[in-house]
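*Asks:* just need the structure, nothing else, for what follows:
(one chain, ligands or ions: 1)
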Amino acid sequence: MSDRGPSIESVDVSVFEVPTDQPEADGTLEWTSTTMVVVEVRAGGHRGLGWTYAGAGSATVVSEKLADICIGADPLNVPGVNEQMARACRNLGRPGLVACAISAVDVALWDLKARLLEVPLAALFGQVRPDAPIYGSGGFTTNDDDTTRAQLEQWVGGWGIPRVKVKIGESWGTNPGRDLARVALVREVVGDEVEVYVDANGGYTRKQAVRMGRRFSEEHGVVWFEEPVSSDDLDGLREVRDACGADVAAGEYGYSLGYFAKMVAAGAVDCLQVDVTRCGGYTIWLRAAAVADAHNLQVSGHCAPNLHAHVATAVPNLRHLEYFHDHHRIETMLFDGTLTPDGGQLVPALDRHGHGLSFRHADAEKFRAQ
Ligand SMILES: [Mg+2]
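*Replies:* Presented below is the predicted three-dimensional model:
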């Protein structure tokens, strides 16, 4: 116990490997499963829950490096613990698995704090808006037309989401004809009123991205062009941004505040993507959103939609959250308290404490990897 209340008593971490419903790929990667690292922290009879979609190595960082920092710490001082974790990992190298580990713990700590204070996370952060708009995301390059059509019909017709995104840049940009045909199919299925987005995952070269981006916008009304070139190529992103009508977005591989600052300073994006399960948790997500806001840019939450819902309503410059196929599937399968995408936004549940989610341990056991 500290003077102010209970101390953090335990940090538990587990790894689950969840197969996809069918083989999936984007422009530059293929996968058949998703790894989820789940962190649970306890204090004063309450439990906080966080997770990251990252490699199993991040669980080792949690158990061997971060747990000792948390245990005995004040659960109300989340930024303080976050800073201690970041400093302790200096020699491990922050980007990647380490930042994902810090993120999962930070999210669990904020959830724990809100539960100790018996408030929803949205109340703890403060709200500038009642809900977070979402866009349907999936549209893998491996999907055949029937699968693409079914996904789009679920998002738009089933759930009423007026924004959709598909993957392009197939096989590192070597199949541009199919990219164009698939985007044409999207527009045909969703009609004229729905916003159509594309994500090349860095699969195009600079001038290829400009040529493709112009056709996507002019022929199919695409308004969001995500990672047209590698997100490490800030000059290239800016070139595409200047040359194409669609908004250029990137930032999903941001593992530290400095990454976002450099991306914004380079004029590389119209909208900054930030992922709570990678950037350093809610603590850093809020700071990254402030960096974007100070440069008159919007932010979009990358993936893990149920973890972003509360914090997203705390910032004035939110554009939307990514309602990603794989994470919708995993989160509704393994967690109670997930939010409905109906109507095209997530509305944080204000009648539950924390982020309002609980993990269905028994249902997850069959996916346990460690
Ligand atoms: Mg992306």
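*Asks:* does Lys165 count as helix, strand or coil?
*Replies:* Secondary structure, DSSP: H, G, I helix; E, B strand; the rest coil: Lys165 is strand.
*Asks:* so where's the protein uncertain?
*Replies:* Low-confidence segments of the chain (pLDDT under 70): 1-4.
*Asks:* care to break it down by domain?
*Replies:* With domains defined by automatic domain parsing, the chain comprises 10-119, 123-359.
*Asks:* make CSV from those and add distance to Glu365 to it.
*Replies:* Quick note: C-beta positions are derived from backbone N, CA and C, even for glycine. Shown next, in CSV, are the domains of the chain (distance: least, C-beta to C-beta, whole Å):
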stretch, distance to Glu365
domain 10-119, 9
domain 123-359, 10
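*Asks:* could I get these as CSV with distance to Ala369 and mean neighbour count?
*Replies:* Formatted as CSV, those follow (distance: least, C-beta to C-beta, whole Å; neighbours: other C-beta atoms under 10 Å):
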stretch, distance to Ala369, mean neighbour count
domain 10-119, 4, 20
domain 123-359, 14, 20
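*Asks:* and Ile69, what element?
*Replies:* Using DSSP states H and E, Ile69 maps to helix 67-70.
*Asks:* which residue packs closest to Gln208, ignoring adjacent ones?
*Replies:* Excluding the flanking residues, the one nearest Gln208 by C-beta to C-beta, 6 or more residues apart in numbering is Gly173, at 5.7 Å.
*Asks:* tell me which residues touch the one you found, please.
*Replies:* Contact analysis of Gly173 by C-beta atoms under 8 Å, 6 or more residues apart in numbering lists 27, 200, 203-205, 208.
*Asks:* same check on Ala88?
*Replies:* By C-beta under 8 Å, 6+ apart, the contact set of Ala88 is 65-66, 69.
*Asks:* closest one of the residues you listed to Cys244?
*Replies:* Leu66 (41.4 Å; C-beta to C-beta).
*Asks:* that closest one contacts Ile8, doesn't it?
*Replies:* No - the pair Leu66 / Ile8 is not scored as a contact, 11.1 Å apart, by C-beta atoms under 8 Å.
*Asks:* all strands of the stretch 151-300 of the chain, in order?
*Replies:* Ranges of strands in the stretch 151-300 of the chain, per DSSP state E, counting those that start in this stretch, are 163-167, 195-199, 222-226, 247-250, 271-274, 298-301.
*Asks:* export these to CSV and tack on distance to Arg87?
*Replies:* Listed next are those as CSV, based on distance: least, C-beta to C-beta, whole Å:
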stretch, distance to Arg87
strand 163-167, 37
strand 195-199, 34
strand 222-226, 33
strand 247-250, 28
strand 271-274, 22
strand 298-301, 26
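*Asks:* much appreciated, bye for now.
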